[in-house]
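Novice: what follows is a predicted protein model with its sequence.
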Amino acid sequence: MPTSNTLITFMGAALAVLLVPGPSVAYVMSRSIAHGRAAGLVSMLGLETGAMLHMCAAAGGVAALVAASHPVYAALRYGGAAYLVFLGIREIRAAVGPEGASAEGVVTRGRLYRDGVLVDLLNPKSALFFLAFLPQFVEPVRGSMSGQVMVLGCCFVVLAVVCDTSYALIAGSFSRRLKASVRAQLLVNRATGCVFIALGVFACAA
C-alpha cells in the first residue's frame, strides 16, 4: 500500500491533471447540454468505467503490451476516433419533435452508458496515461506494484467522478431552457455532433 504522504502527493497531482478540461469534459458537458443532467452523469459513469478497465489493464501489464504493439495501438486509436465521428453524425442527424424532444425517442441511459464506456475503452491514450502516470507514485518497497497501481488508480477515478460530476451538473443547468425551443434544440444537437466529430479528428491527429 502507498504511504499517506505518497497518496497526498498523488491526489494533488491528479487534481492538477483533472482540473484542466480535456476531451472527456467536453464529451460529458455536450451530453448534459443536449440531453440533460442525468444523461451527462450516466455518460460520465460510462467514461469512468472505461477508465477503471484501463487502470486494471495497466496494473496487469496489458497496457504495456498495447503500447508496444503499433498495429494494436493504431487500431484502437482509429477505431475510437471513428466511433466518436459516428456519434457526432448521429447527433447532427437527430430530428427534433414539436416538444423539443428527439423524434427518435428518449435517448436511453443504457445507450448513453455504453457510448461512454466505448469512447474511453477505444482511446489508447487513456491506457497510456495510466501506464505513464501511476507508476511514478509506486514504491517497490511497499509491496505489490500492481496492487499499488490499483489503489492509486481507484483514487484517481474517484477524483475524476467528482470533477466530471461538477461539469455535468453545470452544463445540465442549460439543458431545460434550450429544450423549450425546437430551434435551440436542433442547434444543440448539431453543436454536440460537431464537438464529437472534432474530438474524433483530434484523436486521429494528436
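Specialist: Nice, I can see it. This is a predicted model, so every value here is computed, not measured.

Novice: which SSE is immediately downstream of the lowest-mean-pLDDT helix or strand in the chain?
Specialist: Between all helices and strands in the chain, the lowest mean by mean pLDDT, DSSP states H and E belongs to helix 62-68, at a mean of 61. Downstream of helix 62-68, the next assigned helix or strand under DSSP states H and E is helix 70-93.

Novice: where do the helices sit along the protein?
Specialist: Using DSSP state H, the helices assigned to the chain run over residues 4-18, 23-35, 37-60, 62-68, 70-93, 109-121, 124-133, 145-172, 175-179, 182-205.

Novice: show me what contacts the residue nearest to residue 129 when sequence neighbours are not counted?
Specialist: Closest residue to residue 129 apart from its sequence neighbours, by C-beta to C-beta, 6 or more residues apart in numbering: residue 54 at 7.9 Å. C-betas here are computed from N, CA, C, even on glycine. Neighbour list for residue 54: 63, 120, 121, 126, 127, 129, 130 [criterion: C-beta atoms under 8 Å, 6 or more residues apart in numbering].

Novice: nearest to residue 153 among those?
Specialist: Checking the contacts of residue 54 against residue 153 by C-beta to C-beta gives residue 130 as the nearest, at 6.2 Å.

Novice: the closest one: neighbouring residues, count only.
Specialist: 23 (other C-beta atoms under 10 Å).

Novice: is it true that it touches residue 60?
Specialist: No - using C-beta atoms under 8 Å, residue 130 is not in contact with residue 60, being 11.2 Å away.

Novice: ok, how many other residues are close to residue 82?
Specialist: 14.

Novice: cool, and residue 86?
Specialist: Residue 86: 14 neighbours (other C-beta under 10 Å).

Novice: kindly report the same for residue 176.
Specialist: 11.
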